[in-house]
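In: Sharing a model that was predicted from the sequence below.
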Amino acid sequence: MRDTDKLRQECSFGERCYRKNPHHFKEYKHSHLNALLLKHPDFEVATDTGIGLSNLREQLKIYSDVENLIKRTNQAENNQEQRDGSDNTESRNSVGGVSEVDDDSDHAGSRKRSRSPSEDERNKRKKSESPPDDASSSENELESDKENRVPRSSISKKLNSAGPFNLFLTKVKDNPKTHKDNFSVYMTDLLHPSLGKLKSSLQVNFMVELDWLLMNYKATNNDKLPLVILYGEENPDLLPKNLPDNIRAVRIKPKYPFGTHHTKMMVLVYDDESVRVVVHTANLIGSDWENRTQGVWVSPRCMKLDSSSSGSGDSPTGFKNSLLKYLQFYEVSAVNQFITAVSGCDMSQVNVFFVASVPNSHKNSDVYKWGHKAVGRILRQNIPEEVKRWPVKIQCSSIGSLGQSPDLWLENELGRSLSCHQGSTGVLPSSGRVELVYPSHRNVVGSYDGLLGGGCLPYSRKTHTKQPWLAGHMHQWKAEASLRTRAMPHIKTYTRTDPEGQKMAFFLLTSANLSKAAWGSMNKAGNSCMIMSYEAGVLFVPKFITGEDFFRVKDFYSRSEKSEDFPLHYDLPLTKYSDDDGPWLYDALLS
């Protein structure tokens with residue numbers, strides 16, 4: 001007999017849960033809502049739990065519908081099992097592993113419901129892979145701070161341990177080992193008061209799920225503070241009439257049809273006027289912070305410049321100047337307060353480059369300020385010639401139209417910029433030396449979420465059939481190095497390592513996927529670069545971080561505290577697709 005309710009874990013936000021998404025209620029129990037429904041079957045509750053009475057009543061209606069659906073489903077399944085009887089046991093067991101999925105194919109929010117046909121097998125899976133709560137996954141972090149009523153967090157300790165790279169991955173819901181380590185974080189960690197008392201914040205992103213975002217701000221007691229959201233995907237929830245007074249949301253519409261506002265970044269301003277910047281790869285939606293591999297870079301806390309200081313407060317990498325140019329490009333009045341805050345703080349200790357893309361036909365010297373040409377300029381000035389025989393490794397979650405052959409753009413533009421080094425303009429040593437890490441169909445099927453794990457990998461059959469040559473560059477997603485082989489990658493990274501996988505020339509974490517729209521495409525005259533999207537990333541160059549020519553490569557999960565070995569999240573050497581496998585194509589979700 002099946003009982004889905006017993007398989008659901010309690011939502012860690014408790015009474016502070018803002019969410020009204022039916023999928024969330026299917027995944028997590030809410031005992032306080034059950035209790036309220038018993039007292040108020042008409043939903044006319046009179047006592048607010050802290051999220052507003054109208055929101056609470058709407059929650060109760062949706063939760064009640066979901067609970068009734070679950071009860072009906074359980075009863076139907078139990079009746080079917082009784083009808084089938086013991087004679088059909090062998091035939092039912094022979095189809096083990098079939099995925100049962102929602103009929104909601106929204107690529108951001110759909111989730112796998114079950115991967116096994118029997119209650120025993122489902123209970124075994126739950127025991128071995130207990131899903132974390134929505135807020136924070138470590139047991140200690142989930143204990144409520146009685147004085148501040150916020151989830152406890154060890155983020156300050158984690159930041160101290162993660163130096164000099166300050167590079168994290170997000171926690172994986174179905175992998176408990178990631179819940180308590182020092183190098184995995186959740187959204188509430190980044191907003192936690194132990195990092196500083198927040199005064200205001202800027203969230204820059206593509207997709208935003210407002211109730212999920214506000215739930216994280218509420219959990220950290222930051223929900224009443226000024227918040228500015230720059231977003232890309234159309235969202236009625238973010239219209240002024242639907243927002244509280246402390247939130248301003250501005251949709252950024254790139255002027256080109258294939259462009260998107262794809263940057264993922266936070267600017268956090270504290271009450272002492274200090275600033276912290278977070279550059280990451282996750283949309284501000286719940287599913288992006290669950291069973292996916294996401295990258296997060298967290299800056300040091302940059303204190304306000306002393307009035308007697310004569311310097312600009314910038315670092316040798318020019319991070320501050322590059323960030324300011326990016327923020328100023330928006331020409332949005334709501335961003336001006338954050339431009340002022342960044343201008344007034346000391347970022348001299350930031351050891352990475354800020355590299356970005358903004359939509360425009362960039363000409364002359366501006367060509368080298370944005371996109372792949374900006375990355376190439378930095379590498380040409382700082383990477384030793386020894387790397388010239390090393391392949392470029394690209395790991396991404398989406399692929400655009402790259403042309404009929406690799407030499408049209410992948411190798412002669414992006415590859416050329418990423419292979420720059422001192423003493424040359426940077427030329428790939430031979431054809432095929434761009435190696436691409438992108439999940440195969442079999443990788444996705446074996447993920448925590450089954451086929452729905454491919455919801456964050458929108459590479460289409462139509463695009464792939466136009467560039468069959470790309471298959472020769474592609475490699476599987478294998479990430480035992482970070483315990484994330486089954487957590488499909490929404491992270492995007494670019495690097496060069498030696499053939500033995502021991503040394504690394506540089507590492508780039510960015511929102512930019514493998515596309516001309518994200519990185520830019522040069523005109524035939526070579527004096528103009530067309531970029532269509534907003535993107536942002538951080539570039540790690542050895543001489544500015546460790547003082548060496550190269551990073552030593554270390555498995556992400558084997559890193560030690562304050563180690564100068566670079567923590568790589570996927571496995572080396574790379575593994576080609578098997579003969580009977582191919583790249584994941586998003587059409588598999590639509591068919």
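Out: In hand now; what should we look at?

In: Listing request: residues of the stretch 151-300 of the chain with sub-threshold pLDDT.
Out: Scanning the stretch 151-300 of the chain for pLDDT under 70 picks out the ranges 151.

In: can you pull out the helices in it?
Out: 155-162, 187-190, 210-219 (DSSP state H, counting those that start in this stretch).

In: thought E561 was touching L159?
Out: No. Contact between E561 and L159 fails when scored by CB atoms under 8 Å: they sit 11.1 Å apart. Placement of C-beta: from N, CA and C, glycine included.

In: For the two, indicate the residue with more neighbours.
Out: Each of E561 and L159 has its neighbours counted (other CB atoms under 10 Å); L159 has more, 21 against 12.

In: pretty sure F507 is in a strand, no?
Out: Yes. Residue state for F507 (DSSP: H, G, I helix; E, B strand; the rest coil) corresponds to a strand.

In: List the beta-bridge partners for it.
Out: F507 has these beta-bridge partners by DSSP bridges: T495, F540.

In: list the contacts for it?
Out: T493, Y494, T495, L539, F540, F551, F566, L568 (CB atoms under 8 Å, 6 or more residues apart in numbering).

In: about what we covered before: can you say which of the helices of the stretch 151-300 of the chain is packed in most?
Out: The highest mean neighbour count among the helices of the stretch 151-300 of the chain, using mean count of other CB atoms under 10 Å, belongs to helix 187-190: a mean of 26.

In: helices or strands up against it?
Out: Applying 3 or more CB pairs under 8 Å, 6 or more residues apart in numbering; DSSP states H and E, one finds that helix 187-190 makes contact with helix 155-162, helix 210-219.

In: could you say which helix or strand contains R380?
Out: Counting by DSSP states H and E, the element that carries R380 is helix 371-382.

In: Show me what the mean pLDDT comes to for that helix.
Out: Mean pLDDT, helix 371-382: 97.

In: Go through it and flag the buried ones.
Out: G371, H372, K373, A374, V375, G376, R377, I378, L379, R380, N382 (16 or more other CB atoms under 10 Å).

In: which helices and strands sit right next to that helix?
Out: strand 353-357, helix 416-418, strand 503-510, helix 516-519, strand 528-531.

In: For V204, find the nearest of the ones you listed.
Out: Across those, V204 has its closest neighbour in strand 353-357 (10.6 Å, CB to CB).

In: Parallel or antiparallel, list what pairs with that closest one.
Out: According to DSSP bridges, strand 353-357 forms sheet pairs with strand 535-540 (antiparallel).

In: that older thread, so what angle separates the directions of the helix holding R380 and strand 503-510?
Out: 150 degrees (axes from the mean of the first three to the mean of the last three CA atoms, to 10 degrees).

In: Can you read off the pLDDT for the closest residue to E10 other than its chain neighbours?
Out: Closest residue to E10 apart from its sequence neighbours, by CB to CB, 6 or more residues apart in numbering: K29 at 5.0 Å. pLDDT, K29: 82.

In: residues touching K29, list them.
Out: Per CB under 8 Å, 6+ apart, neighbours of K29: D5, R8, Q9, E10, C11.

In: Looking at the residues you listed, which is nearest R433?
Out: Looking at the contacts of K29 and their distance to R433, the nearest is Q9, at 46.4 Å (CB to CB).

In: If we go by neighbour counts, what in stretch 419-428 is buried?
Out: If you call a residue buried by 16+ other CB under 10 Å, then stretch 419-428 has these buried ones: S419, C420, H421, G426, L428.

In: just checking, what packs against the helix or strand hosting H362?
Out: Assigned by DSSP H and E, H362 belongs to strand 360-363. If contacts are counted by 3+ CB pairs under 8 Å, 6+ apart, strand 360-363 sits against strand 528-531.

In: Within the sheet, what are the partner strands of the strand it packs on, with directions?
Out: Strand pairing for strand 528-531, determined by DSSP bridges: strand 360-363 (antiparallel), strand 521-522 (antiparallel).

In: could you redo those as a markdown table and give each row mean neighbour count, distance to L436 and mean pLDDT?
Out: Output for the strands paired with strand 528-531, formatted as a markdown table (neighbours: other CB atoms under 10 Å; distance: least, CB to CB, whole Å; pLDDT from 0 to 100):
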| stretch | mean neighbour count | distance to L436 | mean pLDDT |
| --- | --- | --- | --- |
| strand 360-363 | 17 | 26 | 97 |
| strand 521-522 | 20 | 18 | 96 |
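
In: about what we covered before: from the contacts of F507, which single one is nearest F353?
Out: So of these, ranked by how close each gets to F353 (CB to CB), first place is L539, at 4.0 Å.

In: quick one: the closest one and R552, what's the gap?
Out: 18 Å (CB to CB, to the nearest Å).

In: Which one of those two is surrounded by more residues?
Out: L539 (23 against 14).

In: what's the neighbour count on G547?
Out: For G547, the neighbour count with other CB under 10 Å is 8.

In: What segments of the stretch 351-500 of the chain are helices?
Out: Along the stretch 351-500 of the chain, counting by DSSP H, counting those that start in this stretch, helices occupy 371-382, 416-418, 441-445, 461-465.

In: Can you list the helices and strands that the second one packs against?
Out: Pointing back at helix 416-418 there. helix 371-382.

In: For A35, which of the helices of the stretch 351-500 of the chain is the nearest?
Out: The nearest among the helices of the stretch 351-500 of the chain, by CB to CB, is helix 441-445 at 39.7 Å.

In: and that closest one, average pLDDT?
Out: Mean pLDDT, computed over helix 441-445, is 98.

In: can you give me the end-to-end distance of stretch 451-463?
Out: 20 Å (CA to CA, to the nearest Å).

In: Tell me the buried residues in it?
Out: The neighbour-count check on stretch 451-463 (16+ other CB under 10 Å) flags L451, L452, G453, G454, G455, C456, L457, P458, Y459, T463 as buried.

In: Stretch 544-561 too?
Out: Buried residues in stretch 544-561, defined by neighbour count with 16+ other CB under 10 Å: F544, I545, T546, F550, F551, V553, K554, D555, F556, Y557, R559.

In: where do the strands sit along the stretch 151-300 of the chain?
Out: 167-170, 184-185, 198-204, 227-231, 247-251, 265-270, 275-280, 292-293, 295-298 (DSSP state E, counting those that start in this stretch).

In: Quick one: list the elements packing against the last one.
Out: On a contact count with 3+ CB pairs under 8 Å, 6+ apart, strand 295-298 meets strand 167-170, strand 275-280.

In: Apply 10 Å and report the result again.
Out: helix 155-162, strand 167-170, strand 184-185, helix 187-190, strand 265-270, strand 275-280, strand 503-510, strand 535-540 (3 or more CB pairs under 10 Å, 6 or more residues apart in numbering; DSSP states H and E).

In: what angle do the next helix or strand after it and strand 198-204 make?
Out: As assigned by DSSP H and E, the chain's next helix or strand after strand 295-298 is helix 319-330. Angle, helix 319-330 to strand 198-204, by the same axes, to 10 degrees: 70 degrees.

In: Now find how far off-centre helix 319-330 is within its chain.
Out: Chain-centre distance of helix 319-330: 22 Å, with CA atoms, centre = their mean, to the nearest Å.

In: I62: neighbouring residues, count only.
Out: Neighbours of I62 under the rule other CB under 10 Å: 16.

In: mind checking which helix or strand it is in?
Out: In the assignment (DSSP H and E), I62 maps to helix 53-84.

In: what is the mean pLDDT for that helix?
Out: Confidence for helix 53-84, expressed as mean pLDDT, is 71.

In: if we can go back for a sec, just put the helices and strands packed on helix 187-190 in JSON lines and tack on distance to S184.
Out: Output for the helices and strands packed on helix 187-190, formatted as JSON lines (distance: least, CB to CB, whole Å):
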{"stretch": "helix 155-162", "distance to S184": "8"}
{"stretch": "helix 210-219", "distance to S184": "16"}
